[in-house]
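Visitor: Show me the folded form of this:
(4 chains)
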There are 2 protein chains.
Amino acid sequence: MASTAPTLRSLARTLGLSRTTVSDALRGSPRVDPGTAARVKQAAKEAGYRRNPLAGALMSELRRSRGTAFRGVLAAVDFNEPDRPGYAARFHRELVLGAEARATELGFKVEKFAVGHAGVFVQRLDSILQSRGIHGVILLPAWDEPDLSNLDWSRFAGIYTDYIIERPALHSVCSDHYRSLLAALQRLAVLGYHRPGLLLQKRQDERLQYRWGAAFRAFQESHPAIRPLPPLIVETFTREEFARWFRRYKPDVVLAHHTEAIDWMESCGADLPVTHGFVSLNVLMKTRPCAGLDLQPRALGARATELLIAQLHRNETGIPDWPSTTTIPARWVDGPTLRTKAPAK
Amino acid sequence: MASTAPTLRSLARTLGLSRTTVSDALRGSPRVDPGTAARVKQAAKEAGYRRNPLAGALMSELRRSRGTAFRGVLAAVDFNEPDRPGYAARFHRELVLGAEARATELGFKVEKFAVGHAGVFVQRLDSILQSRGIHGVILLPAWDEPDLSNLDWSRFAGIYTDYIIERPALHSVCSDHYRSLLAALQRLAVLGYHRPGLLLQKRQDERLQYRWGAAFRAFQESHPAIRPLPPLIVETFTREEFARWFRRYKPDVVLAHHTEAIDWMESCGADLPVTHGFVSLNVLMKTRPCAGLDLQPRALGARATELLIAQLHRNETGIPDWPSTTTIPARWVDGPTLRTKAPAK
DNA sequence: GGCCATGTTCGGACTGTCCGAGATTTTGCC
DNA sequence: GGCAAAATCTCGGACAGTCCGAACATGGCC
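Guide: Residues are numbered from 1 along each chain as shown, chains lettered A, B, ... in the order given. Here you go, the predicted structure:
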């Protein structure tokens, strides 16, 4: 049957000290006489005392805020990119909306900080965050990889909402591109498409360590009924290069980021969805109705926020020993660019 | 300047009710008269009241335990697999050790539950967990994919320490095979190996949605200096089939799970590390010293545990809306099966 | 009017922290 | 040796919510 576990207060009674001295001693506060601290630690060990981290986190938060209108604040750091495309700006907005909603649910709030890439801005950010008492930092995606090594990470918990960044290596949250493409290709196979073609900008694949291309190949190799057409991966698209590729390999469905590809397919005589299909790899980029993948930026922002808050609750600042990547699969979005069922055989 | 945020108690004073009635009303308890509940909710809205989830989590834990020797208990569910290989048993043990250490740090403890695959065992597990007051469930890896859909997930938060399982879809934590293989291949390239060969059991690649093979291909395609040798992916290895592949394609380094491959390489005249290299894809499987990847089961177990506890603290049971996968990269382990620096050109 | 069941509201108790303040000790000066 | 100041050491107020047993109120029945 259950017996009472030793608590701070019961230890204090045993030692003839106040619960504050015991707490301070166990936390290594320099206020406590070293001899007293040693006695306390020994007694705690002998009693089998185990600290409750949840109680510690709450009491710390309560005491720090001291009755003011406290809400933990998270900084959403957005790197200044004047020429950021519209879809990327929308993606960022969705990320922040997701972060804000989740932060509110968990008793926090989010404030945006726009910063440049130059090191001078990073140091300024450091002092701003410290003066505001902000310890949680959400880093929004950046096309160029920013260098944040000069931020004093011992004071902050940070998380990327982008694929892995290394300077410094923090936890990250992003879409599961690999798995989402596999699922999309599976869905297309069920719809009777046997010649899928992939269209990528080189840089987009590189940023994800080639996951788009790798998933595409893996699917082809594991499904003998699928014709292994080579993907078109180029620095910059041209209508001509696309047309050459399209005519030569005759894909029956094209997967690409830009819906501009639909125009190019139609220029080659395709009649969507009668003769060919199209799938966008990021429906935030579409400029016309189509089927595709919703990379779910709101869900990503929400998840990043809850992981960050969990870190703060565990009082974990600094660069993690083993940074992890959390991925969420994209959500399929139906559209008028695909047939609705497989043709009769 | 800061002003005091409304709290449960201040709302109660305003309404002339007890703080319990206000708390019950806001939580939707049926104990509260509907008219009173409506008044409370309206007043809370007008005052801008915001609940503190951390306080709620702690107080709930304190009240539920009611002074007993409470420690949150997590169940580590291990599926009964009598013919599980030794390395897999070691992997499971490491996972549990990591889970136990992290659970202790966070004020929880872990208990193992061995269960069969049959549905009847799942229902029994359900009642055991409920009677024990256990809400957090860590699911250890299983070679066959178990079906846990019949567990009453509304009462539990669960997490897989394996690659994605779908019945039901929960959050999961596993090694980042794709990224780890890319990093390993990069390291081998730096050491001057230009003809890496990959040896896989088909089932091992399938389980990971072909991530081993995909990473291998992606690396070859993105590094023109690397000869694109086809991997050897078979149902079951034979020395003869390996020898044929090895003699035909002449890899200068072999990456495989089993160190048995070293014997086969030596049978073909290889002299490690003088003439060829070897890298294990899971050093827990090695039966002799070699270089390789440490998939870090302890770190995986620890991370799974902290994610699960964070869910419990947020009172999130049930099947998540968007199950995520958290991956941690493997740690490189040096060994005597590789040259220590690139040969002079 | 008393009793019982149901509905509604209340209150005890709480696993730790921060920091201002009080008590005690130590040090330096006359 | 006494006194004042500084340093050291320890203490205590206060705490953003929850659970569930208990108290109180109400209505129906005998």
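Visitor: OK, contacts around A:Leu17?
Guide: The neighbourhood of A:Leu17, defined by Cβ atoms under 8 Å, 6 or more residues apart in numbering or on different chains, consists of A:36, A:40. Quick note: C-beta positions are derived from backbone N, CA and C, even for glycine.
Visitor: Determine the number of other residues adjacent to A:Asp321.
Guide: Each residue near A:Asp321 was counted by other Cβ atoms under 10 Å in any protein chain shown, and the total is 9.
Visitor: Could you do the one 3 residues further on as well?
Guide: By other Cβ under 10 Å, 22 other residues sit near A:Ser324.
Visitor: ditto for A:Leu125
Guide: For A:Leu125, the neighbour count with other Cβ under 10 Å is 22.
Visitor: cool, and A:Thr104?
Guide: Around A:Thr104 there are 14 other residues, counting by other Cβ under 10 Å.
Visitor: Now do the strands in chain A.
Guide: A:72-79, A:108-115, A:136-139, A:157-160, A:171-175, A:196-201, A:232-234, A:253-256, A:277-280, A:291-294, A:325-328, A:331-333 (DSSP state E).
Visitor: Now mean pLDDT and mean neighbour count too, for the ones you listed, in CSV please.
Guide: Formatted as CSV, the strands of chain A follow (pLDDT from 0 to 100; neighbours: other Cβ atoms under 10 Å in any protein chain shown):
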stretch, mean pLDDT, mean neighbour count
strand A:72-79, 88, 22
strand A:108-115, 88, 17
strand A:136-139, 92, 24
strand A:157-160, 92, 25
strand A:171-175, 95, 23
strand A:196-201, 96, 23
strand A:232-234, 94, 18
strand A:253-256, 97, 27
strand A:277-280, 97, 26
strand A:291-294, 97, 24
strand A:325-328, 96, 22
strand A:331-333, 96, 15
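Visitor: Hmm, B:Gln311 and A:Glu306 touching each other?
Guide: No: between A:Glu306 and B:Gln311 there is no contact under Cβ atoms under 8 Å: 9.1 Å.
Visitor: what separates A:Val40 from DNA strand C, distance-wise?
Guide: A:Val40 sits 11 Å away from DNA strand C, going by Cβ to the nearest atom of the strand, to the nearest Å.
Visitor: That residue: neighbour count?
Guide: 23.
Visitor: Contacts only, for the residue nearest to A:Leu281 when sequence neighbours are not counted.
Guide: Of all residues not flanking A:Leu281 in the chain, A:His257 sits nearest, at 4.8 Å (Cβ to Cβ, 6 or more residues apart in numbering or on different chains). Shown in contact with A:His257 (Cβ under 8 Å, 6+ apart): A:199-201, A:204, A:280-282, A:285.
Visitor: what's the answer for A:Gln220, then?
Guide: Here A:Gln220 is in contact with A:226-229 (Cβ under 8 Å, 6+ apart).
Visitor: Return the closest of the residues you listed with respect to DNA strand C.
Guide: Relative to DNA strand C, the closest of the contacts of A:Gln220 is A:Ile226; by Cβ to the nearest atom of the strand it sits at 55.9 Å.
Visitor: Can you report how many residues neighbour that closest one?
Guide: With other Cβ under 10 Å as criterion, A:Ile226 counts 17.
Visitor: Got the phi and psi for it?
Guide: Here is the backbone geometry of A:Ile226 (degrees, to the nearest 10): phi -90, psi 130.
Visitor: can you pull the contacts of it?
Guide: Contact partners of A:Ile226, counting by Cβ under 8 Å, 6+ apart, are A:185, A:189, A:194-196, A:219-220.
Visitor: Pull out the buried residues from the residues you listed.
Guide: A:185, A:189, A:195-196, A:219-220 (16 or more other Cβ atoms under 10 Å in any protein chain shown).
Visitor: possible to save the residues you listed as JSON lines with distance to B:Arg248?
Guide: Listed next are the buried ones among the contacts of A:Ile226 as JSON lines, based on distance: Cβ to Cβ, whole Å:
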{"residue": "A:Leu185", "distance to B:Arg248": "31"}
{"residue": "A:Ala189", "distance to B:Arg248": "32"}
{"residue": "A:Arg195", "distance to B:Arg248": "31"}
{"residue": "A:Pro196", "distance to B:Arg248": "31"}
{"residue": "A:Phe219", "distance to B:Arg248": "27"}
{"residue": "A:Gln220", "distance to B:Arg248": "23"}
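Visitor: Could I get the pLDDT score of A:Met59?
Guide: In the predicted model, A:Met59 carries a pLDDT score of 88.
Visitor: and the buried ones among the contacts of A:Ile226, which two are the farthest apart?
Guide: A:Arg195 and A:Phe219 (12.6 Å; Cβ to Cβ).
Visitor: Identify the residue nearest A:Leu170 in space, chain neighbours excluded?
Guide: Excluding its sequence neighbours, the residue lying closest to A:Leu170 (Cβ to Cβ, 6+ apart) is A:Gly158, at 4.7 Å.
Visitor: Tabulate the strands of chain A in a markdown table, adding columns for distance to DNA strand D.
Guide: Formatted as a markdown table, the strands of chain A follow (distance: least, Cβ to the nearest atom of the strand, whole Å):
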| stretch | distance to DNA strand D |
| --- | --- |
| strand A:72-79 | 8 |
| strand A:108-115 | 10 |
| strand A:136-139 | 15 |
| strand A:157-160 | 18 |
| strand A:171-175 | 25 |
| strand A:196-201 | 46 |
| strand A:232-234 | 51 |
| strand A:253-256 | 47 |
| strand A:277-280 | 42 |
| strand A:291-294 | 34 |
| strand A:325-328 | 27 |
| strand A:331-333 | 32 |
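Visitor: From A:Asp126, how far out is A:His135?
Guide: 12 Å (Cβ to Cβ, to the nearest Å).
Visitor: Likewise for A:Gln204?
Guide: 32 Å.
Visitor: and if you look at A:His171?
Guide: Per Cβ to Cβ, A:His171 is found 20 Å from A:Asp126.
Visitor: what does A:Thr161 give?
Guide: A:Thr161 sits 20 Å away from A:Asp126, going by Cβ to Cβ.
Visitor: which one of these two has more residues nearby?
Guide: A:Thr161 (25 against 17).
Visitor: in stretch A:58-68, what counts as buried?
Guide: Residues of stretch A:58-68 classed as buried by neighbour count (16+ other Cβ under 10 Å): A:58, A:61, A:65.
Visitor: Can you tell me which of those is nearest A:Cys290?
Guide: Closest to A:Cys290, out of all of the buried residues of stretch A:58-68 and judged by Cβ to Cβ, is A:Glu61, at 46.9 Å.
Visitor: what about the nearest residue to the closest one once chain neighbours are set aside, how many neighbours?
Guide: Ranked by Cβ to Cβ, 6+ apart and with sequence neighbours excluded, the top spatial neighbour of A:Glu61 is B:Leu54, at 6.4 Å. Neighbours of B:Leu54 under the rule other Cβ under 10 Å: 24.
Visitor: just checking, B:Leu54 touches A:Gly107?
Guide: Yes: counting by Cβ under 8 Å, B:Leu54 touches A:Gly107, with 6.4 Å between them.
Visitor: who's in contact with the residue nearest to A:Leu170?
Guide: With Cβ under 8 Å, 6+ apart, A:Gly158 has these contacts: A:136-139, A:148, A:151, A:170-171, A:308.
Visitor: same deal with A:Leu129?
Guide: Taking Cβ under 8 Å, 6+ apart, one finds A:75, A:113, A:135, A:137, A:155-156 in contact with A:Leu129.
Visitor: Please apply the same query to A:Glu266.
Guide: A:Leu272.
Visitor: From DNA strand C, how far out is it?
Guide: 64 Å.
Visitor: cool, A:Phe113 as well?
Guide: Applying Cβ to the nearest atom of the strand, the value for A:Phe113 to DNA strand C is 24 Å.
Visitor: so who does that residue touch?
Guide: A:Phe113 sits in contact with A:75-78, A:125, A:128-129, where contact means Cβ under 8 Å, 6+ apart.
Visitor: Specify which member of those is nearest to DNA strand C.
Guide: Nearest to DNA strand C, judged by Cβ to the nearest atom of the strand, of those is A:Leu129 at 17.2 Å.
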